[in-house]
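Undergrad: 3D, please:
(chains A and B)
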Number of protein chains: 2
Amino acid sequence: MTDSGKQSLVIVPLSNGESAEMENGMSEAALTESSGQQEPKLLDACEDKYDGVTVELGNVPLDVDGFVSSLTVSLSKWAQQGKKGVWIKVPKNHANLVPAVIDEGFWYHHAERDYVMLVYWIPKSPCTLPANASHQVGVGGFVMNDNRELLVVQEKDGPYRGSGIWKWPTGLLHQGEDIFEGAIREVKEETGIDTEFVEVGGIRHSHDAPFEKSDIFFMCILRPLSFDIKMQESEIAAARWMPIEEFARQPRYQANELYKKILDVCIATFEKRCKGFCAVKLASSSAKRPSVFYYNDQEVNDANSLNGAVR
Amino acid sequence: MTDSGKQSLVIVPLSNGESAEMENGMSEAALTESSGQQEPKLLDACEDKYDGVTVELGNVPLDVDGFVSSLTVSLSKWAQQGKKGVWIKVPKNHANLVPAVIDEGFWYHHAERDYVMLVYWIPKSPCTLPANASHQVGVGGFVMNDNRELLVVQEKDGPYRGSGIWKWPTGLLHQGEDIFEGAIREVKEETGIDTEFVEVGGIRHSHDAPFEKSDIFFMCILRPLSFDIKMQESEIAAARWMPIEEFARQPRYQANELYKKILDVCIATFEKRCKGFCAVKLASSSAKRPSVFYYNDQEVNDANSLNGAVR
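TA: The predicted model follows:
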């Protein structure tokens, strides 16, 4: 995996192994010149722990021919050095370089809103570059009150539009959001109900997500802290507290073995007949911020537990 | 979310609402003509359940100016129709169209090896298009034999290269692979040991994955079915069965609260002092293949359980 290098593209002469310490404008100018008679300059790149190199292009316009010449000599140099994976991050405003990079044999690795990442594998051996992100992560909130009424909604858009199906609030995690936070947020957004996290009741893994990706769905048991529903008008058609037996009688939860099992497990977890996974924040020397570890804390107590903490 | 429409780009006259039933070559020729005096033709697109449209470009070369004219009139038409999200899937060999699509106001949504997906949001309201895949999913195998020896490896590459750290076998899921399968595969690949899945002991969620993505790691408890190690030469520097106390004495598991907790939970689960999540395959009417649901089956038995089944 590459380090996410912060360096912009700067140009160094072939005869000089050190990076030229130039400001961005200077280096871009040098690149443009390189399309003339001058010898093409090497692209400056960050190295990673897997013998790979990453080139990040800055925001100043680049001359396509000069860039391609630099890329070609750089690839030769990296091959001599025994480098393996080559990563080029092309920002949106350099989209005119994308066809040229592809012509050099690169392929797309992934894209985010403002850039596309292209990769190339130098050795003859099989490519071992890591895959693009493979999963979307969803969360659902199982929120039951003391009268055994479940907090349920009907959706305005999507596959259940107009179906009359009542479901628990669900949604996708935001970038960088923790699972327990996402479940609390989705319930709050869709219904206005405040909750606290209790446990993960179960996890569904499926492979029918859009764009040939997979989906992991965390069914979270949440305890309600408020009870007056304020429905989200934009996405939700209806919201209410519904007796759990009425909810369970819906065909979606009777005829479908997956949804029936999720419901059975949530009720059993709510009733303390079985134990879900708690959540604890734990520091690790290899991570910038604490990870959250989800596990059964029946015998393994932890002072860091986030379960039932009022936020 | 869009349906993954299979339609290629075909061109229909503005005066004719129905798609012209032309073969690809024909339609591409028509598009090229449209860059001349003729009125630009609408792009043909698949509609989805979220009032969105998807355009997929075929493999025949396209004239950039003709394509841009068609895109412009199509966007106007879709706006009149109240469409919201517009998705354009551009294969690698049409990379020359990417700058033009971006000039029309589109941005990157995601990319896979051979294409990039660009999107645009027509309404004035906030964009509600779903995000790109957000997570990589890793698996680890906790494999202990009856002598309380843990199956451990040292890695050849990456952050632990040359560190002397012994760790449990780990890896990323392949596309479409189930979690329990991935754990069994990684252990087999790295050490040659056959195992069967018992439980998920715990799940780590962190946000330090490459490319600003997040990571979900499933620590799987596996039962060994063979004992003679055949190490993977390409990625593994060493592999052995190690007494669990010796393993636990490593600083990585003593000084790091995350790794110490994972180890404690795995040992407690192995010793049946607490219960992890089992795995069951369950059909759902909304999915093409069964999902796997992971949960505590202490009180909720299931005939579909995959736990301990020899594969």
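Undergrad: Please save the CA atoms from the helix or strand hosting A:Leu75 in CSV.
TA: A:Leu75 is part of helix A:64-80, with elements assigned from DSSP states H and E. Extracted in CSV, the C-alpha atoms of helix A:64-80 (Å, rounded to 0.1, in the frame of the first residue of the first chain):
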residue,chain,number,x,y,z
VAL,A,64,0.7,16.6,-22.4
ASP,A,65,3.7,15.8,-24.6
GLY,A,66,6.2,16.9,-22.0
PHE,A,67,4.4,14.9,-19.3
VAL,A,68,4.4,11.7,-21.5
SER,A,69,8.1,12.0,-22.2
SER,A,70,8.8,12.4,-18.5
LEU,A,71,6.6,9.5,-17.6
THR,A,72,8.4,7.2,-20.2
VAL,A,73,11.9,8.0,-18.8
SER,A,74,10.6,7.7,-15.3
LEU,A,75,9.2,4.3,-15.9
SER,A,76,12.5,3.1,-17.3
LYS,A,77,14.3,4.5,-14.3
TRP,A,78,11.9,2.9,-11.8
ALA,A,79,12.2,-0.4,-13.6
GLN,A,80,16.0,-0.2,-13.2
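Undergrad: for the helix or strand following that helix, the distance to its chain's centre please.
TA: Using DSSP H and E, the next helix or strand after helix A:64-80 towards the C-terminus is strand A:85-91. In terms of Cα atoms, centre = their mean, to the nearest Å, the centre of strand A:85-91 is found 19 Å from the chain centre.
Undergrad: before we move on, back to that, who are the packing partners of the helix holding A:Leu75?
TA: Packing contacts for helix A:64-80, counted by 3 or more Cβ pairs under 8 Å, 6 or more residues apart in numbering or on different chains; DSSP states H and E, involve helix A:24-33, strand A:42-43, strand A:85-91, helix A:98-103. (Glycine included, C-beta is placed from N, CA and C.)
Undergrad: Just after the second one, pick out the following helix or strand.
TA: On the C-terminal side of strand A:42-43, the nearest following helix or strand under DSSP H and E is strand A:46-47.
Undergrad: List the strands paired with that next one, with their directions.
TA: Strand pairing for strand A:46-47, using DSSP bridges, gives strand A:53-56 (antiparallel).
Undergrad: Can you report how many residues neighbour A:Val187?
TA: By the criterion of other Cβ atoms under 10 Å in any protein chain shown, A:Val187 has 27 neighbours.
Undergrad: ok but it is inside a strand, no?
TA: No. Counting by DSSP: H, G, I helix; E, B strand; the rest coil, A:Val187 is not part of a strand but helix.
Undergrad: Would you indicate which residues of the helix holding A:Leu75 are buried?
TA: Neighbour-count burial for helix A:64-80 flags A:66-71, A:73-75, A:77-78 (criterion: 16 or more other Cβ atoms under 10 Å in any protein chain shown).
Undergrad: I'd like those residues as TSV, with pLDDT appended.
TA: Below are the buried residues of helix A:64-80 laid out as TSV (pLDDT from 0 to 100):
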residue	pLDDT
A:Gly66	91
A:Phe67	92
A:Val68	93
A:Ser69	93
A:Ser70	93
A:Leu71	95
A:Val73	94
A:Ser74	95
A:Leu75	96
A:Lys77	96
A:Trp78	97
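Undergrad: Report the two of those residues separated the most.
TA: Spatially, the most separated pair among these is A:Gly66 and A:Trp78, at 18.4 Å (Cβ to Cβ).
Undergrad: quick one: contacts of stretch A:256-267?
TA: Here stretch A:256-267 makes contact (Cβ atoms under 8 Å, 6 or more residues apart in numbering or on different chains) with A:142, A:201-202, A:204, A:219, A:221, A:244, A:247-248, A:252-254, A:274, B:280, B:282-287, B:290-291, B:293, B:295-296, B:300, B:302.
Undergrad: Just the buried residues of these.
TA: Among these, those scoring as buried are A:142, A:201-202, A:204, A:219, A:221, A:244, A:247-248, A:252-253, A:274, B:280, B:282, B:284, B:287, B:290-291, B:293, B:295-296, B:300, B:302 (criterion: 16+ other Cβ under 10 Å).
Undergrad: residue contacts, the residue most central in space within chain A?
TA: Residue closest to the average C-alpha location in chain A (Cα atoms, centre = their mean): A:Gln175, at 5.8 Å. Counting by Cβ under 8 Å, 6+ apart, A:Gln175 touches B:131, B:134, B:212, B:214.
Undergrad: ditto for A:Val187
TA: Counting by Cβ under 8 Å, 6+ apart, A:Val187 has contacts A:141, A:143, A:151, A:169, A:193, A:195, A:222.
Undergrad: And the pLDDT for the first one?
TA: Reported pLDDT at A:Gly141 in the predicted model: 98.
Undergrad: Using the record's assignment, carve chain A into domains.
TA: When chain A is parsed with automatic domain parsing, its domains come out as A:11-121, A:135-274.
Undergrad: Mind checking those domains for the one nearest to B:Ile122?
TA: The nearest among those, by Cβ to Cβ, is domain A:135-274 at 15.4 Å.
Undergrad: Tell me how far that closest one lies from the chain's centre.
TA: Computed by Cα atoms, centre = their mean, the separation of domain A:135-274 from the middle of its chain amounts to 21 Å.
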